[in-house]
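Student: Structure for the following, please:
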Amino acid sequence: MGPALARPLDEVTGSGTLRVALYAENAPFSDMRDGQPVGIDVDVARAVAKALKVALDLRLVDAGENVDGDFRLNLWRGDLAGSPLADLMLHVPNDKMLGLRNEQVFLVRPYFEQHLAFAWRRGSMEGFDSFQDIQGRSVAVEGNSASDMQLLMAEGGRYRETLKHFRNQEDAAKAYLAGEAQILAGTRAGIEAALAEAKAPQDENPIVELALTGLVKSRWDLGGAVRSDSRDLGYAVGDALAALIEGGGLKEICARYGVTYSAPTGF
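Tutor: Alright, predicted model coming up:
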């Protein structure tokens, strides 16, 4: 038996439920706390479901080797067990090439611009103005993340020996806050949320963004994705996201987690 298919808008509204897939262990966007899903994307999914006047069926899924595989598993092919497919995935890079090579998927309007950034401990360094300032310092970073790839490839790999790898950005932040590293690398949203949760003053832990040319983007838009035969659902979700942005709701959601809202490019 195959999985229950992702559905167009009339089937979603007719069923009264929107099935949404979010990434697990992806604080501050989606994570489990005390047995409950929490985070920016969780609140965005609830707002979208409310706008569509349906209930929310939320599932947190593990990230695969790449987004293409995540689409295949969660939106259009499914798993071997025949689990119901999601109608919508959030936290998807809104990238033209990603859309072109995944013809089974339709990308939904972006709602957030993700930035790579660093936090550094004032007092342990004189300053942090360029990648050269990393030399000789220890850097806490999530393994196999965009920040990790950026640092591994920067300037011919000269910073490889400075990296301390962790399972996720949350664990990297905890290590940094415990004094195990002088620098924390990750997304600006993740860094801001970690500092806010730990009540660590940002004037003592400045956040910087450094431009670096190369294969790894330092900024990218996040949006949603639906199956290509559910475009009407994608348009409805896009309208709900636009209203959430324009009405200030997304800025308020981000503020709950100590994150500065960053509007997607061109919005």
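
Student: Please list all residues in contact with the nearest residue to Leu241 once chain neighbours are set aside.
Tutor: Closest residue to Leu241 apart from its sequence neighbours, by C-beta to C-beta, 6 or more residues apart in numbering: Tyr111 at 4.6 Å. Placement of C-beta: from N, CA and C, glycine included. Tyr111 makes contact with 44, 222-224, 241, 244-245, 250, 264, according to C-beta atoms under 8 Å, 6 or more residues apart in numbering.

Student: What's the end-to-end length of stretch 71-90?
Tutor: The first and final residues of stretch 71-90 sit 11 Å from each other (C-alpha to C-alpha, to the nearest Å).

Student: can you give me how far that stretch is from the chain middle?
Tutor: Relative to its parent chain, stretch 71-90 has a centroid offset of 19 Å by C-alpha atoms, centre = their mean, to the nearest Å.

Student: what mean pLDDT would you report for that stretch?
Tutor: Average pLDDT, stretch 71-90: 90.

Student: need the helices for the chain, in chain order.
Tutor: Ranges of helices within the chain are 9-15, 40-52, 67-71, 96-100, 146-153, 169-177, 188-197, 231-246, 249-256, based on DSSP state H.

Student: Redo these as CSV? Include mean neighbour count and distance to Ser218.
Tutor: CSV is the format used below for the helices of the chain (neighbours: other C-beta atoms under 10 Å; distance: least, C-beta to C-beta, whole Å):
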stretch, mean neighbour count, distance to Ser218
helix 9-15, 15, 35
helix 40-52, 22, 20
helix 67-71, 17, 18
helix 96-100, 12, 17
helix 146-153, 20, 7
helix 169-177, 22, 16
helix 188-197, 23, 10
helix 231-246, 19, 22
helix 249-256, 17, 19
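
Student: could you redo the ones you listed as TSV and give each row distance to Gly136?
Tutor: Formatted as TSV, those follow (distance: least, C-beta to C-beta, whole Å):
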stretch	distance to Gly136
helix 9-15	54
helix 40-52	35
helix 67-71	35
helix 96-100	37
helix 146-153	14
helix 169-177	17
helix 188-197	21
helix 231-246	42
helix 249-256	35
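
Student: Nearest to Ser30, out of those?
Tutor: In terms of C-beta to C-beta, the element of the helices of the chain nearest to Ser30 is helix 40-52, at 4.5 Å.

Student: the inter-axis angle of that closest one versus helix 231-246?
Tutor: Counting by axes from the mean of the first three to the mean of the last three C-alpha atoms, to 10 degrees, helix 40-52 lies at 110 degrees to helix 231-246.

Student: Specify the angle between helix 40-52 and helix 188-197 in degrees.
Tutor: Here helix 40-52 runs at 110 degrees with respect to helix 188-197, directions being taken by the same axes, to 10 degrees.

Student: What average pLDDT does helix 40-52 get?
Tutor: What helix 40-52 shows for mean pLDDT is 98.

Student: Which residue lies closest in space to Asn74, excluding its sequence neighbours?
Tutor: Leaving aside its sequence neighbours, Asn74 sits nearest to Ala21 (C-beta to C-beta, 6+ apart; 4.5 Å).
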